[in-house]
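# Based on what follows, work out the 3D shape:
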Amino acid sequence: MADVWVLDTPLQERRTSILVRADAITYLSCDRHKLIASRLESEETVALAQEGTYMGKRTPPLPENFHTALLAAIGQARKQADTTGEDQVLMAETDDHDEWSWGVFPLADMAV
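Below you'll find the model as predicted:
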């Protein structure tokens, strides 16, 4: 069975990225600056998306309800994983108009 993963948004250029298995997320907290995920009964958190500077580009504040958009994207990624049998990775990204969205990518494409 294929899994769905969520990649964090590192702000420092040489920082190691973190992949979180989507079915392990039991808590989401979101404001205009950061989307935090954790497991229930765990004090460890990870920022899945955040306002700041990434690779020399300033990222805008997060849209309202970006955490619910993540839940919808997880559902879409699960369908793709079930159909293709490949692990899927979600990643918060901004477009040329500074609009945030959740990209869904096969894990094999991320490893290249």
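
# show me what contacts the closest residue to Asp95 other than its chain neighbours?
Spatial nearest neighbour of Asp95, excluding adjacent residues (CB to CB, 6 or more residues apart in numbering): Ser101 at 6.9 Å. (Glycine included, C-beta is placed from N, CA and C.) The contact partners of Ser101, by CB atoms under 8 Å, 6 or more residues apart in numbering, come to Ala69, Ala92, Glu93, Thr94, Asp95.

# Identify each buried residue in stretch 91-105, please.
Met91, Ala92, Glu93, Thr94, Trp100, Trp102, Val104, Phe105 (16 or more other CB atoms under 10 Å).

# okay if I get the contacts of Ser101 as a markdown table plus pLDDT and distance to His33?
Below are the contacts of Ser101 laid out as a markdown table (pLDDT from 0 to 100; distance: CB to CB, whole Å):
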| residue | pLDDT | distance to His33 |
| --- | --- | --- |
| Ala69 | 97 | 16 |
| Ala92 | 94 | 13 |
| Glu93 | 91 | 17 |
| Thr94 | 91 | 14 |
| Asp95 | 90 | 19 |
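
# Can you flag which of these belong to strands?
Members of those lying in strands (criterion: DSSP state E): Ala92, Glu93, Thr94.

# how about the strands in the chain?
4-7, 19-21, 27-30, 34-38, 45-50, 52-54, 57-59, 88-94, 100-106.

# gap between the fourth one and the chain center?
In this view, strand 34-38 has its centroid 9 Å away from the chain centroid, taken as CA atoms, centre = their mean, to the nearest Å.

# One more: stretch 58-70?
Per CA atoms, centre = their mean, the centroid offset for stretch 58-70 relative to its chain is 11 Å.

# re earlier: any chance of a markdown table for the strands of the chain, columns distance to Gln80?
Output for the strands of the chain, formatted as a markdown table (distance: least, CB to CB, whole Å):
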| stretch | distance to Gln80 |
| --- | --- |
| strand 4-7 | 9 |
| strand 19-21 | 16 |
| strand 27-30 | 21 |
| strand 34-38 | 20 |
| strand 45-50 | 19 |
| strand 52-54 | 25 |
| strand 57-59 | 26 |
| strand 88-94 | 5 |
| strand 100-106 | 6 |
